[in-house]
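S.K.: I would like to see how this sequence folds:
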Amino acid sequence: MVKNLSSVANKTKLVRSPQMKRIVLLLLFVSLILLNCAPSQDEADAPRPRVALVMKTLNNPFFIDMQTGAEEAAKRLDVNLIVQAAERELDVEKQMQILENLIQTQVDAICVTPSGSKEIIPAIAKANQARIPVLVLDTRVDPEAAKEAGIKIETFIGSDNYEGGRIAGQYLVKLFNGKAQVAILEGIPGHETGDSRLRGFHDGIKEAPGIEVVASQPANWERDQGFNVFQNILQAHRQIDALFACSDLMALGAVEAIAAAGKTGQIKVIGFDALQETRIAIADGTIEASVAQYSDEMGRIGIESAVRVLNGEKIPESIPVKIELITRDKQAE
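M.R.: Residues are numbered from 1 along each chain as shown. All right, here's what the predicted structure looks like:
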């Protein structure tokens with residue numbers, strides 16, 4: 001019993017010693033730091049942000065690349081990415097239904113490539129009312145209609161389609177020394193992307209009066225229509241020297257029509273998008289050139305920008321993605 005009391009007394013003296021007091025205080029200080037650094041239960045249970053990427057279609061390599069870029073960013077930033085699209089690019093009504101459903105399920109942000117520059121405005125207005133930020137990729141919303149409706153768009157992420165069309169036109173002028181009969185395959189009439197490319201192309205050739213546009217018809221961004229429409233153009237205009245197609249899918253369809261007419265190598269084709277299949281055709285000489293866009297960059301930047309908005313950061317009203325002309329002599333940098 002005496003020995004036990006002596007042991008307790010010795011331990012009490014140890015705790016009261018200055019050295020032991022310093023150790024105890026240090027341990028308490030470290031414990032407080034660890035408690036402050038540890039995430040709260042609310043933070044630990046916070047769900048990943050749900051960001052939707054709504055594209056025009058999933059049947060076009062351009063948009064497949066956009067999805068790839070978005071998925072990379074979503075994985076890196078721990079975002080729950082929802083990807084949806086209509087089957088056809090011109091199905092505006094289906095895209096509107098997709099957006100309505102996403103708004104009802106209260107996603108945190110929406111990145112969208114509009115199938116209709118004006119038609120999408122009511123859906124953006126509903127997203128605004130639901131306090132869901134909207135970021136527009138690739139195709140601009142009609143500025144006048146947007147202003148009239150009073151909608152808010154966080155940013156536009158995409159290429160300068162007008163400049164791309166102008167570059168294609170200037171290249172064609174140099175290719176033919178300012179004299180050629182040219183056909184054009186347009187996109188969807190009234191669609192901002194195609195209209196801008198078409199306007200840029202016309203401005204690119206306007207200083208060369210010897211460049212004559214003998215036919216200009218829509219093929220609605222689709223390969224089979226590119227084949228059918230250009231086949232009809234060839235029958236009506238047998239002396240065509242060149243074709244500018246406002247998208248590569250239409251250009252690739254036209255190349256098939258050229259082959260069917262036995263004119264491979266006789267008509268120079270310039271496309272837009274520089275898809276992988278087009279790059280192979282450029283290397284083979286069946287397509288002369290294509291204006292490259294980087295849709296994977298659009299997808300990546302779209303998701304990164306959506307996260308920044310959700311974190312309360314301000315982002316630019318427009319974020320440009322580079323374009324460049326791809327030819328046999330010049331591949332992408």
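S.K.: which stretches of the stretch 1-150 of the chain form helices?
M.R.: Taking DSSP state H, counting those that start in this stretch, the helices of the stretch 1-150 of the chain run over residues 2-16, 18-37, 41-45, 61-77, 92-104, 121-129, 143-149.
S.K.: where does the spatially closest residue to E119 that is not a sequence neighbour land on pLDDT?
M.R.: Here the nearest residue to E119 in space, its sequence neighbours aside, is V92; by C-beta to C-beta, 6 or more residues apart in numbering that works out to 4.7 Å. C-beta coordinates here come from the backbone N, C-alpha and C atoms, glycine included. V92 carries a pLDDT value of 93.
S.K.: Please apply the same query to K330.
M.R.: Looking at K330, its pLDDT stands at 77.
S.K.: how far away is it from I282?
M.R.: 10 Å (C-beta to C-beta, to the nearest Å).
S.K.: Same question for A289.
M.R.: Taken as C-beta to C-beta, the span from A289 to I282 is 7 Å.
S.K.: ok, the two, which is more surrounded?
M.R.: A289 (26 against 22; other C-beta atoms under 10 Å).
S.K.: close enough to count as contact, the more buried one and E324?
M.R.: No: using C-beta atoms under 8 Å, A289 is not in contact with E324; the gap is 10.5 Å.
S.K.: Can you give the domain ranges for the protein?
M.R.: Following automatic domain parsing, the chain resolves into domains at 11-38, 48-159+295-321, 161-292.
S.K.: can you list the weak-confidence ranges in the stretch 201-333 of the chain?
M.R.: 331-333 (pLDDT under 70).
S.K.: What segments of it are helices?
M.R.: In the stretch 201-333 of the chain, the helices defined using DSSP H, counting those that start in this stretch lie at 223-236, 248-260, 276-284, 295-310.
S.K.: Dump these to TSV, plus distance to G165.
M.R.: Below are those laid out as TSV (distance: least, C-beta to C-beta, whole Å):
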stretch	distance to G165
helix 223-236	17
helix 248-260	13
helix 276-284	16
helix 295-310	17
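S.K.: Nearest to L53, out of these?
M.R.: For the helices of the stretch 201-333 of the chain, the distance to L53 is smallest for helix 295-310, at 6.8 Å, taking C-beta to C-beta.
S.K.: what angle do that closest one and helix 61-77 make?
M.R.: If you take axes from the mean of the first three to the mean of the last three C-alpha atoms, to 10 degrees, helix 295-310 sits at 40 degrees to helix 61-77.
S.K.: which residues are contacting helix 295-310?
M.R.: With contact meaning C-beta atoms under 8 Å, 6 or more residues apart in numbering, helix 295-310 is reached by 49, 51, 53, 62-63, 65-74, 77, 79, 81, 108-109, 111, 133, 135, 137-138, 154-155, 157-159, 273, 315, 319, 321-322.
S.K.: For V134, give its distance to I157.
M.R.: To I157, V134 is 12 Å away according to C-beta to C-beta.
S.K.: if I pick the residue nearest to E119, what's in contact with it?
M.R.: 115-116, 119-120.
S.K.: before we move on, back to that, of all the helices of the stretch 201-333 of the chain, which one is nearest S216?
M.R.: Taking those one by one with C-beta to C-beta, helix 223-236 is closest: 9.2 Å.
S.K.: got the angle between the closest one and helix 248-260?
M.R.: Counting by the same axes, to 10 degrees, helix 223-236 lies at 50 degrees to helix 248-260.
S.K.: So for helix 223-236, what gets flagged as buried?
M.R.: For helix 223-236, the neighbour count (16 or more other C-beta atoms under 10 Å) marks 223, 225-227, 229-231, 233-234 as buried.
S.K.: got it, and stretch 257-272?
M.R.: By neighbour count on 16+ other C-beta under 10 Å, the buried set for stretch 257-272 is 257-258, 267-272.
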